[in-house]
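Just the structure for this:
(chains A and B)
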Amino acid sequence: MLRVIVRRLLQLVVTLIALSALIFIWLRNLPGGPVDALLGERATPETRALLTKALGYDQPILVQYAKFMQRVLTGDFGNSIRTGEPVTEVIGRAFPATIELALAAMIIAIGLGVPLGYLAARYRGRLLDNLSIAGTLLGISIPIFFLGYLLKDVFTQNIHWFPPSGRLSTGLDNTNVTGFFVLDGLLTREFDATADALWHLILPAFTLATIPLAVIVRMTRASVLDVLNEDYVRTAEAKGLRHKTIRGRHILRNALLPVVTIIGLQTGALLSGAVLTEKVYNWGGLGTLITDSISGGRDYPVLQALILLAALVFVVVNLLVDLSYAVIDPRVRVR
Amino acid sequence: MSDPITRPGVAAPRDGADPTGTGERPASATERGIGRLGDRKKARLDELARASADKGGVSLVRDAFRRLRRNPVAMFGAAIVAVFILVAIFAPLLAPHDPAQRFDELTKNLTVDSIPGASSGFPLGSDPLGRDFLSRLIYGSRQTLFVGVLATLIGLALGVLIGAVAGAFGGWIDNILMRFTDVMLALPALLLAISLVAMASKSSQWTVILAVAIVNVPIFARLLRGSMLAQRESDHVLAARALGVKQRSIVLRHMLPNAMTAVIVQATLTLSTAILEAASLSFLGLGDPDINRAEWGLMLGVDGVRYFEVRPELAYYPALAIIVVALGFTLLGEGMREAIDPKNRR
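Numbers count the residues shown, from 1 in each chain, chains lettered A, B, ... in the order given. As a prediction, this is how the structure comes out:
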C-alpha cells in the first residue's frame, strides 16, 4: 500500500512540474505576454526593453524557469499585476469561497445522486427510472450558466425564497476566522451568520451540482443494474437475508466502486462549473478570480498560479479516490 | 458473454426444468456418451452456425447499424441531428430576413430597457441591435454546427494521431505521449479551454474552436490508444503477423479501422460538449467578438444573459436550441455505443 502511495505521489509531482513548465514557457512566448499586460500596447520599445530586463525576461527560458521554481518552492508566486498584492494572498482570500461552494455541490450531488440512481435501477423501466433518465440527459445538455440564470430568475425574482447573489447579506456583522462562512458562524456561535451563509449557498450549490448529479445518477444506476444480476445477490435473496442487509452489504458496496471513480473525475467538472456558477451568482471565489484575471487585462501571475492550483486539486482528489478503493474493496489492497 | 453455450450454469437449469425430456432420452445420445446436455449444446451450436451462415458474414459495422436503426431513442437523436443539419444547410431559404441587417421598424422602439417582441414580419421580435431574432436563430445553426464540427474534427485528428502512434509503437514513445496526455487531463476541461483562449492575446472564432479542440485531444488519444493496445493482442493481428503482413499495414489496415469505432462514437458525444463549451466561453467573455456573427452560444452567452431581465426570450430560444441539439448528439452517440457493443445497453 505504502509503495503505491509513494509511486502515485511521485507521478503527481512529475505531472505538476511538467505542467508548470508548459504554462511557464507558454505564457512567455505568446503575443500579449506579461510585458504587454503591464505596459499596454502603446509602450515605446525602450520602456518595453527596460521592463523585459527588469523582470528578467531577457535571460534564457531555462534560467527563468529555475528562478521561478525556486520562488514557488518558498511559496512566492509573485504579485498580481492588477492589484499588486502577492498572488498567494489574492488566491487565499478566494479559495474558501470556492471550496465551500464545491463541497456543498458535491454533498448535494452524492446525497441525491446515489439514492436516486439506486432507486432508478431497482424500479427499472418504471416511471421513476424514466424520469431520472430524462432528467440526467437534460442535466448534461443544459448550459449550466443558463440554468443558473433560470433558477435565479424563478427563486429570487418571482418567488423571493433565496437571495440573488453574493455569499452573505450586506450589513451582516460576522467574524471572519477561516473564510468558510458556514464554518465561521458555527465556530464563533454566530448562528445567524451560518443560516445566512447557507441560505446564500443553496441556489449556487444546486446549479453547480447539476452535472455531477446527472453523472452520478447514471453511473449508480448502471452499476447497480450490473450488480443486481450477480449470483451472490440471488443467493443472498434465496437464503432469506433481509432486504436492508442485501442492499447495503451486497448491492451498494459492490456497486459503489465505479461510482467513487466517477465522483473523483467530477472534481474537474466541479472546478470548471465553479467558474460559470460564480459568475452567475457573483460569488467571489476562484472562478470569479479567473474571470477577472482574464477580462481586466491578462493577470498572468494570478492565472499561472490558479491553473497550477486547479491541476493540483484535481490530481490530489483523484489520488485520494484511488486510495479510497482499498477501503471500499479489500480486493484492491492485495495488489 | 451472454451466450448460453459458454455459460453452462445458465443452460443447465433450463434443461432440468424441461418436463418432457426426462423419460424420452434418445438412446443414441447415451451411446455417444455426450449426454443430453451435450446434445442440446451441439444442436444449439449447429443452429447458431446455420443462423450466422445465412447472414453471410455480416460486418461489425453493418451489424451495429442494424441494431442502431432498431433503437428508437437513438433514431430520435439522429432525427434531431438531421433536422439541425438541414436547417443549417437551408438557412438562407428558411430565414425570413438577413441576420445581420438592422431594421428601422425594430430599432425605433428599441431601448436598453425594452426590446420589441413579436410583430408582423418578425415572429420572434428583435435582438438588442434591432435585427430579426428568428433569422439570427436560424442562421445560428450554421455557425454552431461549424464551430462544433470543426472543433471536434481538429481534436479528433490530433488525438487519433497521438493515440495511433502511441498504440502502434508502444514502448518509450507510448510512455512519453501518454504522460503528455496525463498532464493535459490534469486540467479541468473548461479551465484548459479558458487558459488556451486567455493566452492568445485576442479571442476570435478560431481561438474558441482551437481551445475546444485541444481540450478533447487527450480524450481521443487515450481512447484510441486503449483500443489499439487491445487490438495488438487480438487474434486477427496475430494472424496477420503470422502471414507476414508488414507492420505498417497491420497498423493501418488491421488495427486502426477496428479501433476507430470507439473514437467515432466519442466524437458524436464530443459534438454535444463542444457546443456547450463554446457557449460557456462566450459567457465568460472569451468568445467570438464579431457582433455580426450569429451563433447560439454567443447569442445565449452574451446578449441572452445580459438582457435576461429585459427580455428573457433572447436567452430561452438559443438555450433551447443548444439543449435540443446537444441532446440529439448525446442520444445518437449513446445509441451508437450500445449498437457497437450491446453489453453497454442499460
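
okay, CA-based contacts and neighbour counts for the rest of this
Noted.

Excluding residues flanking it in the chain, which one is nearest the closest residue to chain A within chain B?
Relative to chain A, the nearest point of chain B is B:Pro188 (4.4 Å; CA to the nearest CA). Leaving aside its sequence neighbours, B:Pro188 sits nearest to A:Gly268 (CA to CA, 6 or more residues apart in numbering or on different chains; 4.4 Å).

Look up how far A:Val316 lies from the one you found.
Distance, A:Gly268 to A:Val316, using CA to CA, to the nearest Å: 11 Å.

What of A:Ile307?
Per CA to CA, A:Ile307 is found 14 Å from A:Val316.

Comparing those two, which shows the higher neighbour count?
A:Ile307 (20 against 17; other CA atoms under 10 Å in any protein chain shown).

tell me what the helix or strand encompassing that one is packed against?
Assigned by DSSP states H and E, A:Ile307 belongs to helix A:300-328. If contacts are counted by 3 or more CA pairs under 8 Å, 6 or more residues apart in numbering or on different chains; DSSP states H and E, helix A:300-328 sits against helix A:2-29, helix A:87-122, helix A:253-281, helix A:286-295, helix A:330-334, helix B:189-199.

Mean pLDDT, distance to A:Phe68 and mean neighbour count added to those, as CSV?
Formatted as CSV, the helices and strands packed on helix A:300-328 follow (pLDDT from 0 to 100; distance: least, CA to CA, whole Å; neighbours: other CA atoms under 10 Å in any protein chain shown):
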stretch, mean pLDDT, distance to A:Phe68, mean neighbour count
helix A:2-29, 79, 9, 15
helix A:87-122, 91, 13, 20
helix A:253-281, 85, 26, 22
helix A:286-295, 85, 20, 21
helix A:330-334, 61, 39, 11
helix B:189-199, 80, 19, 23
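
Those: which one's closest to B:Asp288?
Closest to B:Asp288 of the helices and strands packed on helix A:300-328, according to CA to CA: helix B:189-199, at 10.6 Å.

Enumerate every residue touching the closest residue to chain B within the stretch 151-300 of chain A.
At 4.4 Å from chain B, A:Gly268 is the closest residue in the stretch 151-300 of chain A, using CA to the nearest CA. Counting by CA atoms under 8 Å, 6 or more residues apart in numbering or on different chains, A:Gly268 touches A:314, B:187-189.

How about B:Phe84?
B:141, B:325.

Could I get the helices and strands packed on helix A:300-328 in CSV, plus columns for distance to A:Gly75?
Output for the helices and strands packed on helix A:300-328, formatted as CSV (distance: least, CA to CA, whole Å):
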stretch, distance to A:Gly75
helix A:2-29, 14
helix A:87-122, 8
helix A:253-281, 23
helix A:286-295, 18
helix A:330-334, 36
helix B:189-199, 22
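
How many residues are close by A:Ile246?
A:Ile246 is flanked by 19 other residues according to other CA under 10 Å.

Alongside chain A, which residues does the stretch 151-300 of chain B contribute?
Residues of the stretch 151-300 of chain B lying near chain A by CA under 8 Å from any CA of the partner chain: B:179, B:182-184, B:186-191, B:195, B:198-201, B:272, B:276, B:279-280, B:283-285, B:300.

Could you measure from B:Ala326 over to B:Arg44?
44 Å.

neighbour count winner among the two?
Here B:Ala326 and B:Arg44 are compared on neighbour count by other CA under 10 Å; more neighbours surround B:Ala326, at 30 against 14.

correct me, but that one touches B:Glu277?
No - contact criterion CA atoms under 8 Å: B:Ala326 and B:Glu277 do not qualify, at 11.0 Å.

which residues touch the residue of chain A most remote from its centre?
Most distant residue from the mean C-alpha position of chain A: A:Lys239, 44.1 Å away (CA atoms, centre = their mean). With contacts defined as CA under 8 Å, 6+ apart, A:Lys239 has no neighbours.

go on, A:Pro204?
A:101, A:148, A:277-278, A:281.

CSV for those, including distance to chain B?
Shown next, in CSV, are the contacts of A:Pro204 (distance: CA to the nearest CA, whole Å):
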residue, distance to chain B
A:Leu101, 17
A:Gly148, 10
A:Thr277, 11
A:Glu278, 11
A:Tyr281, 12
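
just these now: which is nearest A:Trp199?
Using CA to CA, A:Leu101 is the member of those that lies nearest A:Trp199, at 12.1 Å.

Wait, the closest one touches A:Ala205, no?
Yes - look at A:Leu101 against A:Ala205 with CA under 8 Å: they come within range, at 5.8 Å.

Close to chain B: what parts of the stretch 201-335 of chain A are there?
Close to chain B, as judged by CA under 8 Å from any CA, the stretch 201-335 of chain A has residues A:222, A:225, A:268-269, A:271-273, A:276, A:291, A:294-295, A:298, A:303, A:307, A:310-312, A:314-315.

and the residue of chain B closest to chain A, what pLDDT?
Note for B:Pro188: predicted pLDDT of 81.

Mind pulling the model confidence for residue 161?
Picked chain A for this. pLDDT recorded at A:Trp161 is 77.

Not quite, go with chain B.
92.

just to revisit the earlier point, minimum distance to B:Leu320: which of the helices and strands packed on helix A:300-328 has it?
Among these, the nearest to B:Leu320 by CA to CA is helix A:253-281 (18.6 Å).

Taking helix B:189-199 as reference, get the angle to the closest one.
Interaxial angle, helix A:253-281 versus helix B:189-199 (axes from the mean of the first three to the mean of the last three CA atoms, to 10 degrees): 40 degrees.

what's the spacing between helix A:253-281 and its chain's center?
In terms of CA atoms, centre = their mean, to the nearest Å, the centre of helix A:253-281 is found 7 Å from the chain centre.

Find the residue ranges of chain B scoring beneath the pLDDT cut-off.
For chain B, applying pLDDT under 70 flags the ranges B:1-37, B:50-58, B:199-201, B:342-346.

what residue is smack in the middle of it?
The centroid of chain B falls nearest to B:Thr268 when counting by CA atoms, centre = their mean (1.5 Å).

how close does the residue nearest to A:Thr267 when sequence neighbours are not counted get to A:Arg126?
Once flanking residues are discounted, A:Thr267 sits nearest to A:Phe314: 6.1 Å by CA to CA, 6+ apart. Going from A:Phe314 to A:Arg126 by CA to CA gives 37 Å.

So for these two, which sits in the more crowded spot?
Neighbour count, other CA under 10 Å: between A:Phe314 and A:Arg126, A:Phe314 has more, with 23 against 11.

Correct me if wrong: that one contacts B:Leu185.
No - in this structure, A:Phe314 is not within contact of B:Leu185 by CA under 8 Å, at 9.4 Å.

Please identify the helix or strand for A:Leu225.
Short version, using DSSP H and E: A:Leu225 is in helix A:191-228.

Pull the distance from whichever helix or strand comes after that helix to the chain's centre.
The helix or strand immediately downstream of helix A:191-228 is helix A:231-238, counting by DSSP H and E. Here the centre of helix A:231-238 is set off from its chain's centre by 39 Å, with CA atoms, centre = their mean.
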